[in-house]
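[1] Requesting a structural model of the entry that follows:
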Amino acid sequence: MSKQIEKLKKQLVEISEVVNSFKSEAVQVKVVERLLDIMMELEKTDGEGAEIFIKRGYKPRGGDDGHYSSARGPKKPGATKILNQLLSSDFFDTRHSISSIANYCKDNFDSDFKTSELSGILLKLANENKLRRERSNENNRFEYVRA
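    Just a heads-up that it's a prediction; the model follows:
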């Protein structure tokens, strides 16, 4: 038993620099817990450790650049980025409701935003005087047009 404790102490000393490089104490605790879990699993399987990484969701390093590979592929732009692109185009030269903006984003950017995701950003753009927020006479809902 003392050999295992000595081995554990040695391993903790080896990883302490890496763990201490994280500023957040909560992150440090999570890293140490994760490492201890993996070490305990490795002890149980007696060296058949490769499958433990796969089972626990370990992502092997990607190409030669050392970055982790992403299973999802390239990340889509967010609502703020797309709305700013629309603002720099002629899209807001005409009035649009939130639902029509969401539909336009879905059709042209392949981004399926809920109207609640767009409403806060549109309100912020209106408060910054980049857009005007006006009530529609037809349906009493807000529409957005360039300020």
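
[2] Would you mind measuring from Asn127 to Thr115?
    18 Å (C-beta to C-beta, to the nearest Å). Bear in mind the C-beta positions are built from the backbone N, C-alpha and C, glycine included.

[3] next one: stretch 122-133 to chain centre, how far?
    A distance of 26 Å separates the centroid of the chain from that of stretch 122-133, by C-alpha atoms, centre = their mean, to the nearest Å.

[4] List the buried residues for it?
    Within stretch 122-133, the residues scored as buried using 16 or more other C-beta atoms under 10 Å are 122, 125-126, 130-131.

[5] List the contacts of it.
    Applying C-beta atoms under 8 Å, 6 or more residues apart in numbering, the contact partners of stretch 122-133 are 83, 87, 92, 98, 101, 142-147.

[6] go again using 10 Å as the cut-off
    79-80, 83-84, 86-87, 92, 95-96, 98, 101, 115, 134, 142-147 (C-beta atoms under 10 Å, 6 or more residues apart in numbering).

[7] likewise stretch 136-147?
    83, 86-87, 90-101, 118-119, 122-123, 125-126, 128-135.

[8] and the residues you listed, which of them are in helices?
    83, 86-87, 98-101, 118-119, 122-123, 125-126 (DSSP state H).

[9] farthest-separated two in these?
    Leu87 and Ser99 (18.2 Å; C-beta to C-beta).

[10] Alright, I will stop here.
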